[in-house]
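S.K.: Output the structure for:
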Amino acid sequence: MTTARSRFRDAPLFDVGSHARHGPGGRDRLTGPEIEQVRRTVARAPEVMVKVVTRGQQTVVGIRRHADYIGREGEVELETDTGERLGGEGAAERLVDDWDLELDALRRSSDLAVTARAQAPKLAHKLIFSMPPGTPPEKVLGAVRDFAREEFGATHRYAMALHTDEPHPHVHLLVKAVSEDGERLNIRKATLRHWRAGFAEQLRARGVPANATERAVRGQSRKALKDEIYRAAERGRSTHLRERMRTAANAVASGARMPTDAGVQRLYVTSERILAGYRAIADQLEEQGDRNLSGHVRAFADRIQYPPSQHELERDRVRELHGLRDRAREADITR
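M.R.: Alright, predicted model coming up:
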């Protein structure tokens, strides 16, 4: 006879904060923090966003311009790792000068000459911490402040600025890439997961509901178009989407299939693992006596949709691209 406990061992608990990666096998109980993570996920608590801006990080000029941008040319204060608040004309320049980025750039040039690297390492990292509309901006700023102090306070110089000019309050965090001890900060996927979890924890400490789970774990599998491709499509100038639309339209019209997308197959495998994980969690919660949460977990899993078939993806893509094209034409007519 298969018990809830044996099923739990057979389908180990996946970390709901780490894209269905399996946790330690053979465990018989969910811990308190794991249960709270599950509770937040099925209740669809607001998700934190941590984004890395990938352009303009290799030059002193680029970093100065970004500091000027997040400080709104002196109108918004830049709060530094030392607690200093820089504002007014020349604030960005004072910040960059204090960080000795010119010296870092000079050292980097020497290193490049020795190592013959094709691309210059970053002088600083540009990060954005954001929450959905309605989140108190001062709590977002406070969360980022304490997160940065714990994560970088003893190692890397940084500065931040709160922006409230959009519905979602967000904080720009500029972090010097090389620490005071000469250690370079490298950002990987695991780094971002760690940062999202830390940001969410700081928000919860301030009474703000916040979660940090991967898109697939939340039952969301499709990404939006990249900003630059979407904007080009809106203008009717995206050769990338034009070619994709032509290929997809021909395939759908003829009944032929486009080449199988390996990513779609991976999506199916990931979805199966996620659903198996939720079922194991529900079984274990019931065995631990929390039938209410177990029921919520099962209902949440039932609402997760499997990835669309290849044909459905092709059909939806044609409709999406036709819609973009039609809006672009309408915009041309009204000009």
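
S.K.: For the rest of this, base every contact and every neighbour count on C-alpha atoms.
M.R.: OK.

S.K.: how about the strands of the stretch 151-300 of the chain, start to end?
M.R.: Secondary structure of the stretch 151-300 of the chain by DSSP state E, counting those that start in this stretch: the strands cover 158-163, 170-176.

S.K.: what residues does the longest one touch?
M.R.: Meaning strand 170-176. Strand 170-176 has contacts (CA atoms under 8 Å, 6 or more residues apart in numbering) with 67, 70, 99, 123-131, 137, 140-141, 144, 156-164.

S.K.: If burial is judged by neighbour count, which of the residues you listed pass?
M.R.: 67, 70, 123-131, 137, 140-141, 144, 156-163 (16 or more other CA atoms under 10 Å).

S.K.: Which ones among those residues map onto helices?
M.R.: 67, 70, 137, 140-141, 144 (DSSP state H).

S.K.: would you turn those into TSV with distance to A205 and pLDDT?
M.R.: Shown next, in TSV, are these (distance: CA to CA, whole Å; pLDDT from 0 to 100):
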residue	distance to A205	pLDDT
A67	29	95
I70	26	96
P137	15	98
V140	11	98
L141	13	98
V144	12	98
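
S.K.: Would you reformat the strands of the stretch 151-300 of the chain as a markdown table and include distance to A45?
M.R.: Shown next, in a markdown table, are those (distance: least, CA to CA, whole Å):
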| stretch | distance to A45 |
| --- | --- |
| strand 158-163 | 23 |
| strand 170-176 | 18 |
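
S.K.: pLDDT weak spots in the stretch 201-335 of the chain?
M.R.: For the stretch 201-335 of the chain, applying pLDDT under 70 flags the ranges 220-265, 267, 306-315, 331-335.

S.K.: redo that, cut-off 90
M.R.: 213-277, 302-335 (pLDDT under 90).

S.K.: where do the helices sit along it?
M.R.: 227-234, 239-254, 262-287, 291-303, 310-334 (DSSP state H, counting those that start in this stretch).

S.K.: Output the contacting helices and strands for the fourth one.
M.R.: Think helix 291-303. helix 32-42, helix 262-287 (3 or more CA pairs under 8 Å, 6 or more residues apart in numbering; DSSP states H and E).

S.K.: Show me what the longest one is packed up against.
M.R.: Read that as helix 262-287. helix 4-10, helix 291-303.

S.K.: again, only using 6 Å
M.R.: helix 291-303 (3 or more CA pairs under 6 Å, 6 or more residues apart in numbering; DSSP states H and E).

S.K.: tell me the angle of the helix it packs on relative to helix 32-42?
M.R.: For helix 291-303 against helix 32-42, the angle by axes from the mean of the first three to the mean of the last three CA atoms, to 10 degrees is 50 degrees.

S.K.: which of the helices and strands packed on helix 291-303 sits most buried?
M.R.: helix 262-287 (a mean of 19; mean count of other CA atoms under 10 Å).

S.K.: hang on, the earlier thing: could the strands of the stretch 151-300 of the chain go into CSV alongside mean pLDDT and distance to V50?
M.R.: Compiled in CSV, these are given as follows (pLDDT from 0 to 100; distance: least, CA to CA, whole Å):
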stretch, mean pLDDT, distance to V50
strand 158-163, 98, 14
strand 170-176, 97, 10
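
S.K.: Ok, which of those strands comes nearest E183?
M.R.: strand 170-176 (10.6 Å; CA to CA).

S.K.: strand partners of that closest one, parallel vs antiparallel please.
M.R.: strand 124-130 (antiparallel), strand 158-163 (antiparallel) (DSSP bridges).

S.K.: looking at these, which is closest to Q305?
M.R.: strand 124-130 (26.8 Å).

S.K.: Could you chop this protein up by domain?
M.R.: What the record gives for the chain is the domain set 1-30+218-335, 49-205, from automatic domain parsing.

S.K.: To V60, which of the strands of the stretch 151-300 of the chain lies closest?
M.R.: Evaluated over the strands of the stretch 151-300 of the chain, closeness to V60 peaks at strand 170-176, with 11.2 Å, by CA to CA.
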